[in-house]
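Asks: This is the structure alone, sequence omitted:
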């Protein structure tokens with residue numbers, strides 16, 4: 001048994017539990033404020049969301065480093081997707097709205113917190129509904145963060161970005177804000193932070209709470225004007241920039257790739273940690 005990991009969990013689990021309860025109380029407070037002072041709803045939501053996310057980061061084994069600065073104008077943010085931690089890290093700095101699958105809205109506790117944070121929930125295959133929701137948010141002067149890969153990766157590659165998700169930004173002539181995200185430990189790409197292969201959330205959280213500090217690096221790239229170029233060209237350009245900053249290859253559209261030795265080591269590390277935390 002890893003006694004160091006056990007000791008970390010001894011204080012982190014009660015702290016996280018307490019912070020989740022505090023988040024539910026804040027969600028209730030926000031709901032009340034929305035009813036009493038609807039004109040201040042958005043500003044109040046953003047402040048409470050940022051406060052809660054920053055507190056959560058302080059309890060998780062995360063050392064977050066931000067590089068560059070994001071545009072302050074309403075924009076559609078496009079980020080590579082590795083873990084649910086991506087949302088926590090980005091929202092702690094810029095409390096924007098996120099797009100998430102509709103199933104999350106029904107998760108215990110997490111669903112309530114996500115709704116309070118103003119998350120846009122979408123059903124798979126409902127592209128037109130998503131486009132309309134994104135357009136409405138941009139027209140109201142809000143920024144929205146999307147993970148245009150449509151899935152998570154181990155952080156060792158960047159999957160193709162779905163160009164159709166850029167339509168709303170083009171219609172509104174909004175900016176596109178590319179963001180590159182990576183997780184590292186002892187100078188190497190971290191194998192614990194990725195939330196992949198339909199892993200259960202509580203299994204991933206258990207492993208995470210026993211971990212040594214993980215460095216999360218967030219690089220804000222120069223924003224682009226959505227109206228310049230077609231959707232696929234813009235998506236491809238943003239993808240190339242993210243891959244270049246992270247120094248990782250781009251996954252072929254077919255999903256086939258030839259793994260390098262480093263990639264194989266990373267994948268083996270993830271599988272080994274899952275096996276240790278989920279014994280048969």
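Replies: Received, thanks. The model shown is predicted, which means the values in this text are computed figures rather than measured ones.
Asks: got a list of what the nearest residue in space to residue 12 that is not next to it in sequence touches?
Replies: Leaving aside its sequence neighbours, residue 12 sits nearest to residue 209 (Cβ to Cβ, 6 or more residues apart in numbering; 4.5 Å). Every C-beta, even on glycine, is put in place using the N, C-alpha and C of the backbone. The contact partners of residue 209, taken as Cβ atoms under 8 Å, 6 or more residues apart in numbering, are 8-9, 12-13, 16, 60-61.
Asks: now the stretch 101-250 of the chain, which segments are flagged as low pLDDT?
Replies: 124-128 (pLDDT under 70).
Asks: can you rerun that using 80?
Replies: 101-112, 115-118, 122-129, 197-198, 227-229 (pLDDT under 80).
Asks: the helices in it, which residues?
Replies: 110-116, 127-139, 167-172, 201-209, 231-246 (DSSP state H, counting those that start in this stretch).
Asks: re earlier: now do the residue nearest to residue 12 against residue 95, distance only.
Replies: Distance of residue 209 to residue 95, computed by Cβ to Cβ, to the nearest Å: 24 Å.
Asks: follow-up on the earlier one: go ahead and build a PyMOL selection from the buried members of the contacts of residue 209.
Replies: Restricted to buried positions by 16 or more other Cβ atoms under 10 Å, the PyMOL selection for the contacts of residue 209 reads:
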select buried, resi 8+9+12+16+60+61
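Asks: mind listing which of the contacts of residue 209 are in helices?
Replies: 8-9, 12-13, 16 (DSSP state H).
Asks: Spell out, range by range, the strands that occur in the stretch 151-280 of the chain.
Replies: 175-185, 188-189, 214-220, 224-225 (DSSP state E, counting those that start in this stretch).
Asks: re earlier: dump the ones in helices among the contacts of residue 209 into a markdown table; add distance to residue 181 and pLDDT as well.
Replies: Shown next, in a markdown table, are those (distance: Cβ to Cβ, whole Å; pLDDT from 0 to 100):
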| residue | distance to residue 181 | pLDDT |
| --- | --- | --- |
| 8 | 24 | 94 |
| 9 | 25 | 95 |
| 12 | 23 | 96 |
| 13 | 26 | 95 |
| 16 | 22 | 94 |
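Asks: Throw these into CSV and include distance to residue 162, thanks.
Replies: Formatted as CSV, the ones in helices among the contacts of residue 209 follow (distance: Cβ to Cβ, whole Å):
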residue, distance to residue 162
8, 38
9, 37
12, 36
13, 37
16, 33
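Asks: Quickly name whichever of those is closest to residue 142.
Replies: residue 16 (28.9 Å; Cβ to Cβ).
Asks: Give me the neighbour count for the nearest residue to that closest one once chain neighbours are set aside.
Replies: Distance criterion Cβ to Cβ, 6+ apart; nearest residue to residue 16, sequence neighbours excluded, is residue 59 at 5.6 Å. By other Cβ atoms under 10 Å, 15 other residues sit near residue 59.
Asks: Then residue 48?
Replies: Counted with other Cβ under 10 Å, residues neighbouring residue 48 total 19.
Asks: Which residue is the nearest non-sequential neighbour of it?
Replies: Nearest non-adjacent residue to residue 48 (Cβ to Cβ, 6+ apart): residue 26, at 5.0 Å.
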